[in-house]
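> any chance you could fold what I've pasted below:
(4 chains)
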There are 2 protein chains.
Amino acid sequence: MERSPLEAIELEMTILSRRLTSISTYKKYGILDHSAYLLLHQIASNGSAGVKALADEFHLDISTISRQASALEQKGYVFRVPDPQDGRAYTLQMTELGAEALKSDTEVRRDKFAQLLQDFNEAEREQLGRLLQKLNDAVFRVM
Amino acid sequence: MERSPLEAIELEMTILSRRLTSISTYKKYGILDHSAYLLLHQIASNGSAGVKALADEFHLDISTISRQASALEQKGYVFRVPDPQDGRAYTLQMTELGAEALKSDTEVRRDKFAQLLQDFNEAEREQLGRLLQKLNDAVFRVM
DNA sequence: CTATATACTTGTATTATACAAGCTGCGCAT
DNA sequence: ATGCGCAGCTTGTATAATACAAGTATATAG
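Model (predicted):
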């Protein structure tokens, strides 16, 4: 009995998810955890943003981002800039230290992924990158 | 500035992992959680197995599997068969109830993934299935 | 001016995991 | 035969990431 692509994807995604939970929580590659890395990355590539905007971006609860943002501030990777228009709001901007941490961490991760993908040829990498992106979009829309 | 496949994969995997953590913990599609589903699936397709073997299979701690196996037994989805050769060991075998739960859950998940992949054509699905499988293998070997 | 909505924080609970310590049974070396 | 280390499993404890709910302060609409 052949496994349909749908079956394969369903199973492999479930396995991957479980395994990534373990890895992302218990293995540290670099300085930053998962959340810190993504928040800094987002701020670096899309400019400073508030808690609400970041929560929307990642589809996580505002309270989750709020704590993660506090942690980043605590460590000196970002600072808060009050919104002049709105006394409740502020945006997070990256510090020099934050930029350095992001840079160094990006390199560590890049190396790890290079190792992970050593048996993937160039065409497969391109496909995988594209498909993962499309998959993420779908996950955000559907789930 | 073009994003290399490696960069894309690294970022998309990180995002995916974070999002899946949230989904798999807080959204329930069907009866079974993540772990229960995978354990039952494994038992269904590869025959009954002990805690140690399952832990090896999924690269998770024995204690983690032990608790998840207890939970499955508690719910009546599996029962323990003592190993006649070894008084310490046993294997988990699925009950009728377990088989039904797995079947019904598989359908629910399949539907959800069909919805998720609605914009993926057949070629993309095949590629994605194949690449995810290869990726999982690599994750197990490397990380 | 009051009522409701928004941006954020904080308190609490849940879940999945790991690591370490413990129990019991196995098997080998003396 | 027996005692000691090893293997399979369970249980205790800690940690991390998340959600939901309640609270505070500010903004805005009527």
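> quick one: end-to-end distance for stretch A:52-67.
Stretch A:52-67 has an end-to-end distance of 12 Å (C-alpha to C-alpha, to the nearest Å).
> only the buried residues of that stretch, if you could.
Within stretch A:52-67, the residues that count as buried by 16 or more other C-beta atoms under 10 Å in any protein chain shown are A:Ala53, A:Leu54, A:Ala55, A:Glu57, A:Phe58, A:Leu60, A:Ile65. For every residue, glycine as well, the C-beta is placed using N, CA and C.
> hmm, who's touching that stretch?
A:35, A:38-39, A:42, A:49, A:51, A:69, A:89, A:92, A:140, B:15, B:18-19, B:22 (C-beta atoms under 8 Å, 6 or more residues apart in numbering or on different chains).
> number of nearby residues for the residue nearest to A:Met143 when sequence neighbours are not counted?
Excluding the flanking residues, the one nearest A:Met143 by C-beta to C-beta, 6 or more residues apart in numbering or on different chains is B:Ile23, at 5.5 Å. B:Ile23: 16 surrounding residues under other C-beta atoms under 10 Å in any protein chain shown.
> just A:Glu73 next, same as before
Using other C-beta under 10 Å, A:Glu73 has 15 neighbouring residues.
> per-residue pLDDT of A:Leu117, please?
According to the prediction, A:Leu117 has pLDDT 96.
> pretty sure it contacts B:Glu7?
No: with contact defined as C-beta atoms under 8 Å, A:Leu117 does not reach B:Glu7; the gap is 11.5 Å.
> of those two, who's got more company?
Neighbours of A:Leu117 and B:Glu7, each counted by other C-beta under 10 Å, are more numerous for A:Leu117; the result is 21 against 16.
> kindly list the main-chain dihedrals of the more buried one?
phi -100, psi 20 (degrees, to the nearest 10).
> enumerate every residue touching the residue nearest the centre of chain A.
Central residue of chain A (C-alpha atoms, centre = their mean): A:Leu38, 3.4 Å from the mean position. For A:Leu38, the contact set (C-beta under 8 Å, 6+ apart) comprises A:Phe58, B:Thr14, B:Ile15, B:Arg18.
> and for A:Thr14?
A:Thr14 sits next to B:His34, B:Tyr37, B:Leu38, B:Arg109 when contact means C-beta under 8 Å, 6+ apart.
> tell me the pLDDT at A:Ile9?
96.
> which stretches of chain A have low pLDDT?
Flagging of chain A using pLDDT under 70 yields the residue ranges A:1.
> what are the ranges of the strands in it?
A:78-82, A:90-94 (DSSP state E).
> I'd say A:Ala89 and A:Asp83 touch.
Yes: using C-beta under 8 Å, A:Ala89 is in contact with A:Asp83, at 4.0 Å.
> between those two, who's got more neighbours?
Shown here are A:Ala89 and A:Asp83; by other C-beta under 10 Å, A:Ala89 has more neighbours (15 against 12).
> quick one, what contacts the more buried one?
By C-beta under 8 Å, 6+ apart, the residues touching A:Ala89 are A:Gly50, A:Lys52, A:Pro82, A:Asp83.
> same question for A:Ile31.
A:Ala101, A:Ser104, A:Asp105.
> re earlier: between the contacts of A:Ala89, which is closest to A:Glu96?
Nearest to A:Glu96 among the contacts of A:Ala89: A:Pro82, at 20.5 Å, using C-beta to C-beta.
> ok, how many other residues are close to the closest one?
With other C-beta under 10 Å as criterion, A:Pro82 counts 11.
> would you mind measuring from the closest residue to it other than its chain neighbours to DNA strand D?
Excluding the flanking residues, the one nearest A:Pro82 by C-beta to C-beta, 6+ apart is A:Tyr90, at 4.8 Å. Distance from A:Tyr90 to DNA strand D, counting by C-beta to the nearest atom of the strand, to the nearest Å: 11 Å.
> counting neighbours, what do you get for A:Tyr90?
A:Tyr90: 16 neighbours (other C-beta under 10 Å).
> that one is in contact with A:Pro84, isn't it?
No: with contact defined as C-beta under 8 Å, A:Tyr90 does not reach A:Pro84; the gap is 10.1 Å.
> now the helices for chain A?
In chain A, the helices defined using DSSP state H lie at A:5-26, A:34-46, A:51-58, A:62-74, A:96-116, A:122-142.
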